[in-house]
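> Following is a predicted model, sequence given first.
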Amino acid sequence: MKAKRGFYFTSAFFLLLLIMALSISAGAVHIPLQEILNVLLGKGDEVNRRIILTLRLPRVIESALVGMGLSVVGAFFQGLLRNPMADPYVLGISSGAAFGATIAIIMGLGIFGLSSMAFITALLTIFFVYTVSRTGSRLSMTTMLLAGIAISAFMSAIISLLMLLNHDQFSRIVFWTMGGFGLVSWPQVIYSSPLILIGSFVMYAFSRDVNAILTGEESAEHLGVNAELVKKIILILGSLVTASCVSVGGIIGFVGLIVPHISRLIVGPDNRVLVPFSALFGASFLTFADLLARVILKPVEMPIGIITATFGGPFFLYLLVRSKQKNEGM
């Protein structure tokens with residue numbers, strides 16, 4: 001079993017490297033893989049060097065980081081909320097971020113101002129949902145889900161109203177809400193990567209505790225796990241990671257939903273194995289989606305949300321049919 005898992009992890013790692021290399025190579029200007037290697041070693045043509053280091057490398061790194069972050073949060077939220085349909089946006093984080101981004105676009109703020117506004121409003125949204133769901137020192141998962149749905153509907157209505165009142169910014173708002181990394185540069189990578197990486201690693205430290213909680217909170221308490229504390233830590237860190245991802249890449253659907261499911265089918269439900277594999281697979285998936293978004297209609301760039309929904313929608317239906325067949329067979 002360990003040998004098989006080792007093979008899966010090695011394959012996922014080299015797949016990620018291959019996709020990242022192809023993503024750096026592809027675009028309006030094709031750059032051979034050998035030239036990419038030369039540039040990374042400090043050699044190569046100056047024009048290619050500028051294209052790779054200034055435009056493509058930060059974009060590829062950011063897409064891999066966001067794919068990793070959304071997949072890790074999705075795996076934990078699905079386990080913690082005991083809901084196979086849960087994803088990183090289930091608590092209204094995406095709608096909160098979209099509201100902040102919409103305001104930033106209308107105000108004419110730059111990309112860094114947009115990312116900052118999206119991040120701040122996403123955190124305010126999750127703070128509101130958390131406050132509503134807390135009773136004393138305990139958190140109600142059901143109330144959190146319902147509050148997330150309610151705040152998402154409310155924010156969506158406000159965003160629609162703002163779009164109607166600001167026709168000149170309509171297309172830019174829509175494009176941002178469909179996700180993409182076209183405006184990503186090194187400052188976005190530098191400010192988002194610590195939050196995504198540190199948040200994901202700290203959550204992973206609680207993998208064993210989440211495994212225990214999945215067997216039942218009473219059983220977990222007997223094993224010495226403080227279930228309420230673990231839930232709070234995972235929800236807060238997951239929200240921080242998701243807010244960071246959304247603030248730089250927009251709302252990218254289905255990644256945090258389908259990647260943990262596919263990973264679970266490959267390596268099993270143990271979070272100690274599932275989470276790192278989801279991180280690698282999620283990074284590969286979103287980097288590949290970003291590559292397709294750039295080359296399918298070249299030189300026009302598609303919103304990455306279209307690509308992820310094209311893959312995610314059919315797979316989501318497959319999961320529903322598979323679940324139905326399993327229930328009928330019992």
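Perfect, thanks for sending it. Residues are numbered from 1 along each chain as shown.

> Going by C-alpha atoms from here, please, whenever you check contacts or count neighbours.
Will do.

> was I right about residue 113 contacting residue 103?
No: between residue 113 and residue 103 there is no contact under C-alpha atoms under 8 Å: 10.2 Å.

> Next, find the distance separating the closest residue to residue 296 other than its chain neighbours from residue 172.
Among residues not flanking residue 296 along the chain, residue 302 sits closest, at 7.9 Å (C-alpha to C-alpha, 6 or more residues apart in numbering). Distance from residue 302 to residue 172, counting by C-alpha to C-alpha, to the nearest Å: 13 Å.

> Looking at these two, which one has more neighbours?
residue 302 (21 against 14; other C-alpha atoms under 10 Å).

> where does this structure have low pLDDT?
1, 326-330 (pLDDT under 70).

> now the strands for the stretch 1-150 of the chain?
Ranges of strands within the stretch 1-150 of the chain are 134-135, 138-139, based on DSSP state E, counting those that start in this stretch.

> In CSV: those, plus distance to residue 211 and mean neighbour count.
Shown next, in CSV, are these (distance: least, C-alpha to C-alpha, whole Å; neighbours: other C-alpha atoms under 10 Å):
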stretch, distance to residue 211, mean neighbour count
strand 134-135, 23, 12
strand 138-139, 19, 16
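
> and residue 64, which of these is closest to it?
Proximity to residue 64, assessed across the strands of the stretch 1-150 of the chain by C-alpha to C-alpha, is greatest for strand 138-139 (32.1 Å).

> Not counting its own residues, what contacts that closest one?
Residues from elsewhere that reach strand 138-139 (C-alpha atoms under 8 Å, 6 or more residues apart in numbering): 130, 133, 228, 231-232.

> rerun at 10 Å
130-133, 227-229, 231-232 (C-alpha atoms under 10 Å, 6 or more residues apart in numbering).

> What pairs with it, parallel or antiparallel?
In the sheet, strand 138-139 lines up against strand 134-135 (antiparallel) (DSSP bridges).

> from the middle of its chain, how far away would the partner strand be?
27 Å (C-alpha atoms, centre = their mean, to the nearest Å).

> swap in stretch 142-155?
Taking C-alpha atoms, centre = their mean, the mean C-alpha location of stretch 142-155 is offset from the chain mean by 19 Å.

> tell me which residues in it are buried?
Neighbour counts over stretch 142-155 (16 or more other C-alpha atoms under 10 Å) mark 144-149, 151-152, 155 as buried.

> And for residue 44, the neighbour number?
When neighbours are counted by other C-alpha under 10 Å, residue 44 registers 15.

> From residue 275, how far out is the residue nearest the centre of the chain?
In the chain, the centroid-proximal residue (C-alpha atoms, centre = their mean) is residue 70; its distance is 2.4 Å. Using C-alpha to C-alpha, residue 70 is found at 11 Å from residue 275.

> which neighbours do those two share?
Contact with both residue 70 and residue 275 is made by residues 200, 260, according to C-alpha under 10 Å, 6+ apart.
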